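*Asks:* my questions are about this predicted structure, shown below with the sequence.
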Amino acid sequence: MSPRPGFVLEVDRSTPATLIWHGEGFRLERLPVGSRVVYPPEALSPLEDPDAAIRHALLHPLGDSEPLPALLRPGMRLTIAFDDISLPLPPMRSPDVRQRVIEAVLDMAATAGVDDVVLVAALALHRRMTEDELRHIVGDRVYDAFAPHGLLTQHDAEDPDGMLHLGLTDAGEDVEINRRAATSDLVVYVNIDLVPMDGGHKSVATGLASYRSLRHHHNVRTMQHSRSFMDQHRSELHSSNWRMGRHIAASGVKVFQIETTLNNDTFPDQFRFLQRREWEWSVRDRAGFLAVSKSLERTPERLARSIFQSIRAPHAVTSVQAGEVEAVHTRAAEHLHTQQSVEVAGQTDVLTMGLPYLCPYNVNSVMNPVLVMCLGLGYLFNMYRGKPLVRPGGALIMSHPTPWAFDPVHHPSYIDFFEQVLPETTDPLEIEAKYEEAFATDPWYVHLYRTGHAYHGVHPFYMWYWGAHALQHLGAVIVVGGDRRAVRRLGFKPASGLGDALEMAEDVVGADPSITHLHAPPLLMANVS
Amino acid sequence: MRLVRRPSFPWAAPTWPDGVELAPLERSVGVDYDTAWSRRYGVRVARAALLDWVARPVVRALASPRVDGLDRIEHLDGPAIFAANHASHVDLPLVLSILPPRFRHRTLVGAGADYFFDTRWKGALWSFAIAAIPIERQRVNRRSAEEAGHLLSQGWSMVIFPEGGRTPDGWARPFHPGSAAYLATRSGLPVVPIYLGGTRRILARGSRTLRPGSTRVCVGRPLWPHEHENARRLSTSLEAAVAALADETATDWWSARRRSAAGRTPGLGGPPVGAWRRSWALGDDRPERHRRGSNGKGSRDRWPLAHRGR
């Protein structure tokens, strides 16, 4: 039977309670009769033989690209860049699709006699990965062949010798990317497209760029003019990246793009109830829910976090496309929309969402309050095409414990951002103007980024900007079950329960509001008419 | 006596949202439950015995019904659709127990598919005990409507509660045109309005304790659907007829008739006032636990009487 598309349920008296995520946990909650619940499509059928599909894509590229073997020759400089641990979510079971693709590319490079090969993890300003994390992505075979020789590297945007300025775009944007990539005869970029924002020119223009270059599109103005940044054609973020990508190509850097898409199979079998519609829960699903939720009530926070962080998604590959950047991304985006799109009629007064334990920036660490804001207002709010799910001036209700907790190794600058910046102002424009430069150039943060496993000093600012469009659009943001002090520090309103939150929302949107709940993850993209 | 609390989801199986089409799988519960076996001769005899020898004595002991208006259906020979207001689980056995034998032993009950047929064992229980057939509460379901229409044409009568469920606050909810009225217009059979009073005192929605008490049952004149009758219009007439019977029960037939003729019959839905005043206006229909101090002998006033002077 073919997988069912996503759909919008109207809650009636017969509708069972709805599963709502709440950080490292979840609960069942009855939504008011008449509310809508947007469910994601079921997982598409995976490719039967992903290795064959990868090989086929490399030999039959899209756009005006030649097949990969024709681009490889002895004596050339080949750089293989790949997405970091922020994709996919949760991290997928081994073998990671990047391992499959990289091995296929290396097979062809070996056949062609290419000796000068370097692998670069395209971190941008993300944290450096640990050996285990790298091994998980590229696999032991690749790691053991390249890492001991220093040929498996992680992009360092603050290495003055490791970056190359390629000039300015027509719009005056600095284009500065990884020197090894910029001076290679061929860059093969291996993507996982989890959401439509991923891939395309953003891969190289962001993943291998420096702060000097990134600030041209990672800023408040760009975010406020991206409606949404998941919709390439209405996204200023994409426009800027596309300008940069084309400038990179015009500068002589040849990029062979490989984009893969995954299906919605997000949770392993023992957690399968998390991605099933509640009224279809079998005895096993109900038993699983009860066992997990009751156990979590008695589990210490740290242990619960490590249990969730150990989840490996059974994501399966649904498509592989390779070749010229724009043609590849267009095809990959079509596959993504097939998997994630849900038609939704009209906006809502109140949008509710349960935030899970994970966002792209807290893999193997805690989701701090700034990341809670980013996941809710940055990512999930922006999972739309057309119009936001919630009307202008509407209310957003998020459920998450929002702990006043930070990972000092991964997120040192977040701590200072939360303690020093947010008490002064939560206005993205003011934050950008007054504080960004100091954090971005702070030598201590630069040191931690380059030598430890810390996100760049400017990263919490970007997370805040990620939500700038939502902050501008919404009349109120209410967090259910969060640490009250932390929620207030974010500029949001805390509520003890969903009922209270809905009452509070009525003060903003008026009595008897329309309510829509986003039943994610698994991820979905709302096409709002 | 305490009744067992029904476990809720996720301890129990989830109910199926009305707005979601059932998957074309091998579902054999809900509206897809096959009740044909419950109309076989042997099962009908067993059910008749259960109804006459167990249910009726229990209902008489528990609800002490005072029944008016049965004479209004004396002339009715063929099958009919009995439609009543719904406040309690006591309503159904009460209606079945007061019906004349020619109806009582050949009457089906339209029961909410999501509640009475959500599991196989519940479907079997209610099919046997009350000859229930599953119907959709919130909308017209072609399959269940066709099944019901087919059975009516075979001479079965049917009891339906057109509100779609028990009242949450003591005042009736609007009648769904998609239930009794729809079936009547499709089958051309008469709808018999019935007013039930006092059952909520015995077992209100959400209550787990049975409190024996007295009840009133008032049977109205059958409403025949005209040719090309509109289900919505018939539903409105049906609701008005039940409201007039309620008025008749609370006052007297003549006063109720005059108010009905003048279009001043108090609606079943109660006064359009705040929640506590609606609750207050229920008078004796408030559940026992809400009437402490009155010793159960408080005023019998309910909202319709407050308007009597008009």
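*Replies:* On my side now, so go ahead. Numbers count the residues shown, from 1 in each chain, chains lettered A, B, ... in the order given.
*Asks:* was I right to think A:L71 contacts A:V187?
*Replies:* No: look at A:L71 against A:V187 with C-beta atoms under 8 Å: they stay out of range, at 10.6 Å. (C-beta placed from N, C-alpha, C; glycine too.)
*Asks:* what about those two, which has more around it?
*Replies:* A:V187 (26 against 21; other C-beta atoms under 10 Å in any protein chain shown).
*Asks:* so that one sits in a strand?
*Replies:* Yes: A:V187 forms part of a strand when assessed by DSSP: H, G, I helix; E, B strand; the rest coil.
*Asks:* against chain B, how distant is it?
*Replies:* Per C-beta to the nearest C-beta, to the nearest Å, A:V187 is found 48 Å from chain B.
*Asks:* list the contacts for that residue?
*Replies:* Residues in contact with A:V187 (C-beta atoms under 8 Å, 6 or more residues apart in numbering or on different chains) are A:79-81, A:181, A:204, A:253-256.
*Asks:* PyMOL command for the buried members of these?
*Replies:* In PyMOL, a selection of the buried entries from the contacts of A:V187 looks like this (16 or more other C-beta atoms under 10 Å in any protein chain shown):
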select buried, chain A and resi 79+80+81+181+204+253+255+256
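*Asks:* among the contacts of A:V187, name the ones in helices.
*Replies:* Those of these mapping onto helices are A:181, A:204, per DSSP state H.
*Asks:* format the contacts of A:V187 as JSON lines; extra columns: pLDDT.
*Replies:* Formatted as JSON lines, the contacts of A:V187 follow (pLDDT from 0 to 100):
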{"residue": "A:T79", "pLDDT": "98"}
{"residue": "A:I80", "pLDDT": "97"}
{"residue": "A:A81", "pLDDT": "98"}
{"residue": "A:A181", "pLDDT": "98"}
{"residue": "A:V204", "pLDDT": "97"}
{"residue": "A:V253", "pLDDT": "97"}
{"residue": "A:K254", "pLDDT": "97"}
{"residue": "A:V255", "pLDDT": "98"}
{"residue": "A:F256", "pLDDT": "98"}
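*Asks:* and the contacts of A:V187, which two are furthest apart?
*Replies:* A:I80 and A:V253 (14.1 Å; C-beta to C-beta).
*Asks:* about what we covered before: any residues in contact with both of A:L71 and A:V187?
*Replies:* A:254, A:256.
*Asks:* for the stretch 101-250 of chain A, just list every one of the strands.
*Replies:* For the stretch 101-250 of chain A, the strands defined by DSSP state E, counting those that start in this stretch occupy A:116-122, A:152-154, A:163-168, A:174-178, A:186-193.
*Asks:* neighbours around the residue nearest to A:W466 when sequence neighbours are not counted, how many?
*Replies:* Nearest non-adjacent residue to A:W466, counting by C-beta to C-beta, 6 or more residues apart in numbering or on different chains: A:G378, 3.1 Å away. Residues within reach of A:G378, counting by other C-beta under 10 Å, total 25.
*Asks:* next up, the contacts around A:G378.
*Replies:* Counted by C-beta under 8 Å, 6+ apart, A:G378 has contacts A:463, A:466-467, A:470.
*Asks:* three-state assignment of the residue in chain A that chain B sits nearest to?
*Replies:* Proximity of chain A to chain B (C-beta to the nearest C-beta) peaks at A:P16, 3.7 Å away. For A:P16, the assignment made with three-state DSSP gives coil.
*Asks:* neighbours of it, just the number please.
*Replies:* 23.
*Asks:* that one reaches B:W11, doesn't it?
*Replies:* No: proximity of A:P16 to B:W11 does not meet the contact threshold set by C-beta under 8 Å, at 11.5 Å.
*Asks:* dump the contacts of A:V187 to TSV, plus distance to B:G220.
*Replies:* Shown next, in TSV, are these (distance: C-beta to C-beta, whole Å):
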residue	distance to B:G220
A:T79	87
A:I80	83
A:A81	81
A:A181	85
A:V204	79
A:V253	86
A:K254	86
A:V255	81
A:F256	82
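*Asks:* contact partners for the closest residue to B:D68 other than its chain neighbours?
*Replies:* Spatial nearest neighbour of B:D68, chain neighbours left out: B:C218 (4.8 Å); criterion: C-beta to C-beta, 6+ apart. For B:C218, the contact set (C-beta under 8 Å, 6+ apart) comprises B:67-69, B:194-195, B:197, B:245-246, B:248-249.
*Asks:* give me phi/psi at the closest residue to A:Q270 other than its chain neighbours?
*Replies:* For A:Q270, ignoring the flanking residues on the chain, the nearest one in space by C-beta to C-beta, 6+ apart is A:G288 at 6.3 Å. With angles defined as degrees, to the nearest 10, A:G288 sits at phi -60, psi -50.
*Asks:* likewise the one 3 residues further on?
*Replies:* In this entry, A:A291 is assigned phi and psi values of phi -60, psi -50 (degrees, to the nearest 10).
*Asks:* quick one: pLDDT of it?
*Replies:* pLDDT, A:A291: 95.
*Asks:* and if you look at the one 3 residues further on?
*Replies:* Predicted confidence (pLDDT) at A:K294: the value is 93.
*Asks:* residues contacting whichever strand or helix holds B:F128, please?
*Replies:* If you go by DSSP states H and E, B:F128 is part of helix B:120-130. With contact meaning C-beta under 8 Å, 6+ apart, helix B:120-130 is reached by B:28-29, B:33, B:35, B:37-38, B:43, B:46-47, B:50, B:92-93, B:96, B:109, B:111, B:116-117, B:132-134.
*Asks:* out of those residues, which are buried?
*Replies:* B:29, B:33, B:35, B:38, B:47, B:92-93, B:96, B:109, B:111, B:116-117, B:132-134.
*Asks:* excluding its backbone neighbours, what's nearest A:D442?
*Replies:* Per C-beta to C-beta, 6+ apart, closest to A:D442 is A:G457, 4.9 Å.
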